[in-house]
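Student: just the structure for this:
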Amino acid sequence: MTEPPWRATLLLSMALGVGAVDGVAPRPASLRGIDGLARAYDFILEARFDQVDAELRRACGPAPPEACAVLDATSLWWRILLDPESHALDDEFSSSVDRAIESTEAWIERAPDDAEAWFYNGGAYAARVQWRVLRDAKLSAARDGKKIKLALERAVELDPTIEDAYFGIGMYKYYADVAPAVAKILRFLLLLPGGDREEGLEQMLRARTRGRLLQGEADYQLHVIYLWYERQTPRALQLLQSLHDRYPANPLFLAQTAEIQDAYQHDVTASLATWRVLLAAAREQRANAPALSEVQARLGIAKQLEVLHQTDDAIEMLQAVVALHPTAPYGSLPLAYLRLGEAYDRMGIRASAIDAYRAAAAAALSPDPYHVREQTAERLRRAPDPRRAQAYRLSLEGWRRFEHNDLRGATGLLQTSLALNGSDPVSRYRSGRVQQARKDDVAALAEFEHAIRNARSCPPPILGNAYLEAARLLERLDRRPRAIAYYRIASTLFGGAADTHTAALRALTRLER
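Tutor: This is a model prediction of the structure:
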């Protein structure tokens, strides 16, 4: 299980982000104006950035102005998180966070025994350290991390009732224990103490339960921990779902859910469904940053459709992205052209593929996070095998005929496809479905078995369906033991669709009863 490259830079410094969530209001708050600040942070997490300034103006008065300066920088940080490859907001964020740091340090000079001053000073550095991690500034991030740790420890020394501070302290202890060698070397050079994984997680969970400020931050940071280090992907997804339930207009939580379903669970159908939910929200203006969200969702949908060998639908998604001519997310336009060229090549439409590759190269940006120039040059040099491309296109056309109940047309196209590439498991599965519809169980079973024998090159959702349909035929042919074995595989196949798992489990329950 690998970490996203931009997040893997320096875990020790990232550990020191401050936050807490959804507390059950234990003791009276030690932080002045905390309710107004919490409302402002709700707007940040809802990605309603245009309203944050107004909320901060209402909050400040009861709340210290330095706290509002920290939240101003935090708001910009969460805007960056929506499009992390873009540097458009970097200068504005840098100025904002520097002001927050300067103001809290001046506060400490005026009132060195004020716990709030130390707490918000830690919060200001926490916003900057995450940005420096993102931009791969290792040493600067480590220096900030040391300041955060010292500030938060001083805050709780002065006032142990500031429960939110324990989250940052707990994160330090956790990441200092699990961090890779580079972070531990920097920790040694900076004379920072070691960590304690269990105690750190315990302190984070304590702050999550008792904290009052920065709603949602703890769940967001904890989902990373559960995903990468605790290896509890379902728990990470639960935390993201909870964030989406509370802040449904923020597209970040759905987008990261879809990426986890893809990269960690290899659940193509679940990821596709999540991207479609995000697309609908963007199109209906229920997601903030709707233009960015629509492009991101269409690119995600196209990727999963390609995995499912539905390239014609993927092309439509990518053409829609190109038509929007997006500037956000960063690099999305050249990436869409590149993926469109690959889709045309897969369908054997080489002339259109070349046009798309040239458009990708012309639109490529610098920096080029998706290596579009390099990939387009390679695609232009090497054309795909025309025979396999023709077989792929005919198979897909045959499947579309089947979906429209044209069994004769589907049969002819799939037979021609298999004559060109008889080892393709997807075409075998599709042929099996056609034979099944024609009531030829023996021929259908043979096709499903062929797809199963080529499991390594078959997408898991299609392979799971091949096992399921083969099991149904085996049951009908009174070959019960083999049917049960196939149902069991279909019910647990990694990457198989949830509907397939459910149908296979129901069949097993029925047969075992």
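Student: in this protein, which spans are strands?
Tutor: Counting by DSSP state E, the chain has no strands at all.
Student: what is the least confident helix or strand in it?
Tutor: Among the helical and strand segments of the chain, the one scoring lowest on mean pLDDT, DSSP states H and E is helix 11-14, with a mean of 41.
Student: quick one: low-confidence ranges for the protein?
Tutor: Applying pLDDT under 70 to the chain flags residues 1-29, 179-194, 214-215.
Student: hmm, 50 instead?
Tutor: Scanning the chain for pLDDT under 50 picks out 1-29, 181-182, 185-186, 188-191.
Student: contact partners for the residue nearest the centre of it?
Tutor: For the chain, the residue nearest the mean C-alpha position is Gln256 (2.3 Å; C-alpha atoms, centre = their mean). Contacts for Gln256 were tallied using C-beta atoms under 8 Å, 6 or more residues apart in numbering; they are His223, Leu240. In this view, the C-beta of every residue, glycine as well, is placed from N, C-alpha and C.
Student: renumber starting at 2 from here on
Tutor: With the count now opening at 2, the last piece we talked about shows up as Gln257.
Student: pull out the buried positions in stretch 208-218.
Tutor: Across stretch 208-218, burial judged by 16 or more other C-beta atoms under 10 Å covers Ala208, Arg209, Arg211, Gly212, Arg213, Leu214, Leu215, Gln216, Gly217, Glu218.
Student: and the end-to-end length of that stretch?
Tutor: Stretch 208-218 has an end-to-end distance of 11 Å (C-alpha to C-alpha, to the nearest Å).
Student: what ranges does the stretch 402-514 of the chain have for its helices?
Tutor: 408-421, 426-438, 442-454, 461-477, 481-493, 499-513 (DSSP state H, counting those that start in this stretch).
Student: distance to Gly171 added to those, as a markdown table?
Tutor: Compiled in a markdown table, those are given as follows (distance: least, C-beta to C-beta, whole Å):
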| stretch | distance to Gly171 |
| --- | --- |
| helix 408-421 | 57 |
| helix 426-438 | 48 |
| helix 442-454 | 48 |
| helix 461-477 | 37 |
| helix 481-493 | 36 |
| helix 499-513 | 35 |
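Student: to Gln204, which of the ones you listed lies closest?
Tutor: Distance to Gln204, taken as C-beta to C-beta, is lowest for helix 499-513 among the helices of the stretch 402-514 of the chain, at 35.8 Å.
Student: ok, now which ones touch Val308?
Tutor: For Val308, the contact set (C-beta under 8 Å, 6+ apart) comprises Val269, Pro460.
Student: how much space separates it from Pro387?
Tutor: Counting by C-beta to C-beta, to the nearest Å, the gap from Val308 to Pro387 is 23 Å.
Student: Ile485 now?
Tutor: Distance from Ile485 to Pro387, by C-beta to C-beta: 43 Å.
Student: repeat that for Leu341.
Tutor: 19 Å.
Student: comparing those two, which residue is more hemmed in?
Tutor: Applying other C-beta atoms under 10 Å to Leu341 and Pro387 shows that Leu341 carries more neighbours, namely 25 against 11.
Student: surely the more buried one and Glu317 touch.
Tutor: No - using C-beta atoms under 8 Å, Leu341 is not in contact with Glu317; the gap is 10.3 Å.
Student: can you tell me which residues contact the residue nearest to Ile102 when sequence neighbours are not counted?
Tutor: In space, and not counting its chain neighbours, Ile102 is closest to Ala125: 4.5 Å by C-beta to C-beta, 6 or more residues apart in numbering. By C-beta under 8 Å, 6+ apart, Ala125 lies in contact with Ala70, Val71, Ala74, Val98, Ala101, Ile102, Ser104, Thr105.
Student: switch the cut-off to 6 Å
Tutor: The neighbours of Ala125, taking C-beta atoms under 6 Å, 6 or more residues apart in numbering as the test, are Val71, Ala101, Ile102, Thr105.
Student: dump these to a markdown table, plus distance to Asp246.
Tutor: Output for these, formatted as a markdown table (distance: C-beta to C-beta, whole Å):
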| residue | distance to Asp246 |
| --- | --- |
| Val71 | 26 |
| Ala101 | 30 |
| Ile102 | 34 |
| Thr105 | 33 |
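Student: need these in TSV (columns: distance to Gln204 and neighbour count).
Tutor: Converted to TSV, the contacts of Ala125 look like this (distance: C-beta to C-beta, whole Å; neighbours: other C-beta atoms under 10 Å):
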residue	distance to Gln204	neighbour count
Val71	21	29
Ala101	24	26
Ile102	24	23
Thr105	23	26
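Student: from those, which is closest to Leu153?
Tutor: Nearest member of these to Leu153, counting by C-beta to C-beta, is Thr105, at 12.4 Å.
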